[in-house]
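> What follows is a predicted structure for the sequence shown.
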Amino acid sequence: MTVESPAKDSVTPRSNRFRLRWDVLQFVVFVLLTAPHATGLPLHEWAGLALAPILVVHLAANWDWIVDKTRNVFRRQPGEVRFNHIWNTLMFVVAVVAIMSGILCSRQVVRSLGFSHPVDFFWAVVHSVSATVLIALVGVHLGMHFRWVIAQFRRSPRGCKPAGEDGP
């Protein structure tokens with residue numbers, strides 16, 4: 001019995017098309033999070049909470065790469081791959097700190113879920129610093145994967161022509 005691989009243009013959780021779409025969603029939510037004064041505190045806090053499962057799906061879609069590079073961390077690898085693995089790990093840790101500290105200094109979401117806690121200035125500072133560091137980390141991450149993103153946007157689905165091309 002053979003298992004057929006999905007069609008090249010399919011949108012499975014591990015396909016490039018799915019990953020690109022999910023990454024765009026993740027980026028839009030992240031950009032919303034970088035401007036809490038523009039979006040308002042309630043939207044900022046809810047978007048921050050929504051980012052956690054979005055990150056989990058992102059990690060699941062890239063799980064094969066994560067496992068492979070982690071297993072081979074002490075083997076000879078190209079410098080770019082090693083740097084990328086370390087950078088991604090650092091970005092993950094900082095994102096977890098930003099999300100958790102955001103929950104701990106939340107003023108809107110936690111209260112609306114029926115919990116109450118005093119706002120702790122310490123967690124507000126941790127959240128601010130980790131969020132600022134995360135912006136820089138994500139910027140470098142995007143730069144490292146810019147060619148992949150552009151290549152995915154240039155690909156058009158089978159049977160579709162890019163905008164501006166005439167023909168039957």
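Good, I have the coordinates.
> what about stretch 62-81, average pLDDT?
Averaging pLDDT along stretch 62-81 gives 81.
> Now do the helices in the protein.
Taking DSSP state H as the test, the helices found in the chain are 16-33, 36-39, 41-61, 63-71, 79-104, 109-112, 121-144, 146-154.
> Using a markdown table, please lay out those together with mean neighbour count.
Just so you know, the C-beta spots here come from the backbone N, C-alpha and C atoms, and that holds for glycine as well. A markdown table is the format used below for these (neighbours: other C-beta atoms under 10 Å):
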| stretch | mean neighbour count |
| --- | --- |
| helix 16-33 | 16 |
| helix 36-39 | 12 |
| helix 41-61 | 16 |
| helix 63-71 | 12 |
| helix 79-104 | 16 |
| helix 109-112 | 14 |
| helix 121-144 | 15 |
| helix 146-154 | 11 |
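> so how far is Pro42 from the nearest residue to Ile66 once chain neighbours are set aside?
Nearest residue to Ile66, sequence neighbours excluded (C-beta to C-beta, 6 or more residues apart in numbering): Leu59, at 6.7 Å. Leu59 sits 27 Å away from Pro42, going by C-beta to C-beta, to the nearest Å.
> hang on, Val94 packs against Ala136?
No: look at Val94 against Ala136 with C-beta atoms under 8 Å: they stay out of range, at 9.4 Å.
> Any stretches of the protein with poor pLDDT?
Scanning the chain for pLDDT under 70 picks out the ranges 1-14, 156-168.
> go again using 90 as the cut-off
Scanning the chain with the threshold set as pLDDT under 90 gives 1-43, 45, 47-86, 88, 103-121, 141-142, 144-168.
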